[in-house]
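Undergrad: Could you look at this predicted model? Sequence included:
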Amino acid sequence: MFRAFTVAAVSLALSGAAMGADPIVGSWKTQNGELSVIDRCGSQYCIVAKSGKYAGQKLGSFQPDGDSYKGRLTDPRNNATYSGKLAVSGDRLKLQGCATSVLCKTETWTRASQ
């Protein structure tokens, strides 16, 4: 269920955070080494896979919620969507996707170098 979530995370490559930009914006390396990019898409932030089997696919969208972000994550293998939460701490991005309030998976991505 969340393996594609990992692939999506990998796709965050190549779009470094601009000076003064929201800390979530940029390229991120997933736990399995894939790259993903998070950038503004209208009033939200979107995750798009940049490498791997699902390159080019939108993997989620989020809105700020205090010091974190809440929204939806999509598993590109089956297009199932899950509630999600993201939090940035330095060069780490903690992602949590939940099918139910007790069935969740958490991953930590690292900011990709330019």
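TA: Noted; the coordinates are in hand.

Undergrad: low-scoring stretches of the protein, by residue?
TA: For the chain, the stretches with pLDDT under 70 are 1-21, 114.

Undergrad: Only C-alpha atoms, please: export the longest strand anywhere in the chain in CSV.
TA: Assignment by DSSP state E gives strand 80-89 as the longest strand of the chain. Extracted in CSV, the C-alpha atoms of strand 80-89 (Å, rounded to 0.1, in the frame of the first residue of the first chain):
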residue,chain,number,x,y,z
ALA,A,80,-5.7,4.7,-3.7
THR,A,81,-5.6,7.9,-1.6
TYR,A,82,-4.8,8.2,2.1
SER,A,83,-4.9,11.0,4.6
GLY,A,84,-1.5,12.4,5.1
LYS,A,85,0.6,14.7,7.3
LEU,A,86,4.0,16.1,6.6
ALA,A,87,6.5,17.9,8.9
VAL,A,88,9.8,19.5,8.0
SER,A,89,12.7,19.6,10.5
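
Undergrad: Residues touching it, excluding its own?
TA: For strand 80-89, contacts defined as C-beta atoms under 8 Å, 6 or more residues apart in numbering pick out 1-2, 5, 23-24, 60, 62, 65, 67-75, 93-99. (C-beta placed from N, C-alpha, C; glycine too.)

Undergrad: Pull up the pairing partners for it, direction included.
TA: The strands beside strand 80-89 in its sheet (DSSP bridges) come out as strand 68-75 (antiparallel), strand 92-98 (antiparallel).

Undergrad: what's the neighbour count on G71?
TA: Per other C-beta atoms under 10 Å, the neighbour tally for G71 reads 19.

Undergrad: Leaving out the residues flanking it, which one is nearest to it?
TA: Using C-beta to C-beta, 6 or more residues apart in numbering and skipping the chain neighbours, the partner closest in space to G71 is F62 (3.4 Å).
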